[in-house]
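Student: model this:
(2 chains)
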2 protein chains.
Amino acid sequence: MLSIQEYQSYFVAHLKKNAVAQDPENLYEPAEYILNLGGKRLRPVLTLMTTDIYNGDYKEALSAALSIEVFHNFTLVHDDIMDDAPLRRGHQTVHEKWDINTGILSGDAMLIMAYKFLEYYDSEIFKSLISVFTKTALEVCEGQQYDVDFETRDDVTIPEYLKMIEYKTGVLVAAAMKMGAIIAGASETDQDHIYNFGRHLGIAFQLQDDYLDAFGDPKTFGKQVGGDIIENKKTYLYLKALAFSDDDDKATLQRLFSSNPDDDSQKINTVKAIFKSTGASEATKNAIEGYTEKAYSVLEYLDISSQNKKGLKAFAFNLMNRTT
Amino acid sequence: MLSIQEYQSYFVAHLKKNAVAQDPENLYEPAEYILNLGGKRLRPVLTLMTTDIYNGDYKEALSAALSIEVFHNFTLVHDDIMDDAPLRRGHQTVHEKWDINTGILSGDAMLIMAYKFLEYYDSEIFKSLISVFTKTALEVCEGQQYDVDFETRDDVTIPEYLKMIEYKTGVLVAAAMKMGAIIAGASETDQDHIYNFGRHLGIAFQLQDDYLDAFGDPKTFGKQVGGDIIENKKTYLYLKALAFSDDDDKATLQRLFSSNPDDDSQKINTVKAIFKSTGASEATKNAIEGYTEKAYSVLEYLDISSQNKKGLKAFAFNLMNRTT
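Tutor: Purely as a prediction, here's the structure:
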């Protein structure tokens, strides 16, 4: 097993080498732009790593890793349009830099390109990969639809929220790993186990994103701390706080989450105080730990070396103790 | 070979039976809606027909036909957003009936569903089908991008315009037929020939759409006659008229195509008169005939019965003499 940095740099080299087509420029330049904004490259790294730990050649997984990353970036382009988001990784979003129509069409082309990169594989593996990929891609759309629906609903439950983040984030992390296992020729049982490892890890990762958005260190988090609170997003923290709070706190939360004050700092401070006093922040930390533990518990069933199990656990541990 | 109406009704029955998923409703209901607005079902009929004329079982082609039709409808949903179109087949467009975000996300899901329907096929055929499909889907996006780019360009040439409609319309008709041939086990040579038949037919079909938009019979055409003129669309008719006109007519055309008068009828009449007097309408009819002839000329190379060749020719002849 290589280091994360090594997988990352092999992946980025492959990405640069496989530049998307040039013409028409207005279709492909936005794809090139978003793909080169950087990021952790979490999903493609997991694909390479999984092929590696199942004794496959990680180089054989580069095309699938690229497919996953291009798909992920397609979802970012379309989601940013839907969320009216001006910034992504500190730079203008595609629809801001160009326009909404360009964002729609470039995104469409990226989704199709994601399929194209899988043509590298022989027909048997190709079909297995596409089946996982297509099922996952539809679930990611469903997750995004739930997220959109939740914005105008006041009765979202914790299980509904968890299903939403499982679909929006968990299944793609899971598919990234399963596809790596398929390429390495792992058994179907192992493919399913590693899928579940990734699914739990993805859910923990998203819950941690919710947590860091409120309680992260502004110096290292990268995004604006309190962004979800400003945008009145009903995250796990919010739903737990509502569930745990007395009538007064509940009224305050609901009032603040229907307001858009010019000065956000008072709102952020009050909400964070309620997140803490109700025990919602502690409950979120517990949930993150719970899903991370669920991922760990899959490890014992995997047919891989104990050294690779340790490596996988270390990867998850580092991811769950990130500050960015 | 069955009649068009028979292929149509077998296809529509398959479409109804394979209703898209139900939940989340806001994702799948718009897909169901657009797919059930009707239309000629030209592309799926061609897939079934091609499998049939190559002695395959047309029932085996139903999944591919559905994939093609769902893809085509995905492009309609996203194109209608980009064109700000209120109506499609006499009904509200998806983004009008719901909203733009719903149009984007439902369209994305439809594109993915189009891939899903191809999973019906065994891995060898599956890979051949997906390769054609993915190449074509990217070209359709490129065609749409050229179309968008042309709106703000004053120097579009006839070859550029022809490439645009080849990509936007021709290649999907071509792919629909090639996929039918693949399913029937036709030789690669025949797959390529039938692809070219469809490509030329598709270009002729689109040129005829341009022609009927200006000179069709309002009683039978279905769309508003003169719609392209109202929207200042630089169609084949317009580009040919510009090329053929004297300085006066050229100035009039360019002035009218940068205007949006409240009363369109005067504009439409003047433009149509210039289309006729310059010979642009005649040139368009010739181009339609030329591409139809190009399609016919492929027939002799096809390894199918002479009766099926006659059937294919009759289909093309009827399509090119439609008034709707």
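Student: from here on, contacts and neighbour counts on C-alpha atoms
Tutor: Fine.
Student: What residue in the stretch 151-300 of chain A comes nearest to chain B?
Tutor: Taking Cα to the nearest Cα, chain B has its nearest neighbour within the stretch 151-300 of chain A at A:M164, 10.9 Å off.
Student: mind listing what that residue touches?
Tutor: The contact partners of A:M164, taken as Cα atoms under 8 Å, 6 or more residues apart in numbering or on different chains, are A:143-144, A:146-147.
Student: Reformat those as TSV; add neighbour count, secondary structure and distance to chain B.
Tutor: Putting the contacts of A:M164 into TSV (neighbours: other Cα atoms under 10 Å in any protein chain shown; DSSP: H, G, I helix; E, B strand; the rest coil; distance: Cα to the nearest Cα, whole Å) gives the following:
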residue	neighbour count	secondary structure	distance to chain B
A:G143	23	helix	9
A:Q144	22	helix	8
A:Y146	23	helix	7
A:D147	19	helix	11
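Student: now the residues you listed in CSV, with distance to B:D122 and pLDDT?
Tutor: CSV is the format used below for the contacts of A:M164 (distance: Cα to Cα, whole Å; pLDDT from 0 to 100):
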residue, distance to B:D122, pLDDT
A:G143, 30, 97
A:Q144, 31, 97
A:Y146, 33, 96
A:D147, 36, 95
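Student: quick one on the thing from earlier: now do the buried residues in the strand or helix carrying the residue of the stretch 151-300 of chain A closest to chain B.
Tutor: According to DSSP states H and E, A:M164 maps onto helix A:158-165. By 16 or more other Cα atoms under 10 Å in any protein chain shown, the buried positions in helix A:158-165 come out as A:161-165.
Student: How about stretch A:95-102?
Tutor: Of the residues in stretch A:95-102, A:95-96, A:100-102 count as buried by neighbour count, 16+ other Cα under 10 Å.
Student: ok, now stretch A:243-263?
Tutor: Buried residues in stretch A:243-263 (16+ other Cα under 10 Å): A:244-245, A:249-250, A:253, A:256-257.
Student: One more: stretch A:308-324?
Tutor: Those would be A:308-309, A:311-313, A:316, A:319-320, A:323-324, for stretch A:308-324 by 16+ other Cα under 10 Å.
Student: cool, stretch A:271-283 as well?
Tutor: For stretch A:271-283, by 16+ other Cα under 10 Å, it's A:271-272, A:274-275, A:278-283.
Student: On the pLDDT front, check A:E119 for me.
Tutor: We note a pLDDT of 98 for A:E119 in this prediction.
Student: I'd like the next helix or strand past the helix or strand encompassing A:K250.
Tutor: Using DSSP H and E, A:K250 sits in helix A:247-256. Using DSSP H and E, the helix or strand that follows helix A:247-256 in sequence is helix A:264-277.
Student: any idea of the angle that next one forms with helix A:247-256?
Tutor: 140 degrees (axes from the mean of the first three to the mean of the last three Cα atoms, to 10 degrees).
Student: quick check: mean pLDDT across helix A:264-277?
Tutor: For helix A:264-277, the mean per-residue pLDDT is 96.
Student: other SSEs contacting it?
Tutor: helix A:227-230, helix A:236-244, helix A:247-256 (3 or more Cα pairs under 8 Å, 6 or more residues apart in numbering or on different chains; DSSP states H and E).
Student: Does the longest one pack against any helices or strands, and if so which?
Tutor: Just to be clear, that refers to helix A:247-256. Under the contact criterion of 3+ Cα pairs under 8 Å, 6+ apart, helix A:247-256 touches helix A:236-244, helix A:264-277.
Student: how far out from the middle of the chain is that helix?
Tutor: Relative to its chain's centre, helix A:247-256 lies at 30 Å (Cα atoms, centre = their mean, to the nearest Å).
Student: cool, stretch A:72-82 as well?
Tutor: From the chain centre to the centre of stretch A:72-82 is a distance of 12 Å (Cα atoms, centre = their mean).
Student: Low-confidence stretches in chain A?
Tutor: A:222, A:323-324 (pLDDT under 70).
Student: does the most centrally placed residue in it sit in a helix, a strand or a coil?
Tutor: Residue closest to the mean C-alpha point of chain A, counted by Cα atoms, centre = their mean, is A:T169 at 4.2 Å. Secondary structure, DSSP: H, G, I helix; E, B strand; the rest coil: A:T169 is helix.
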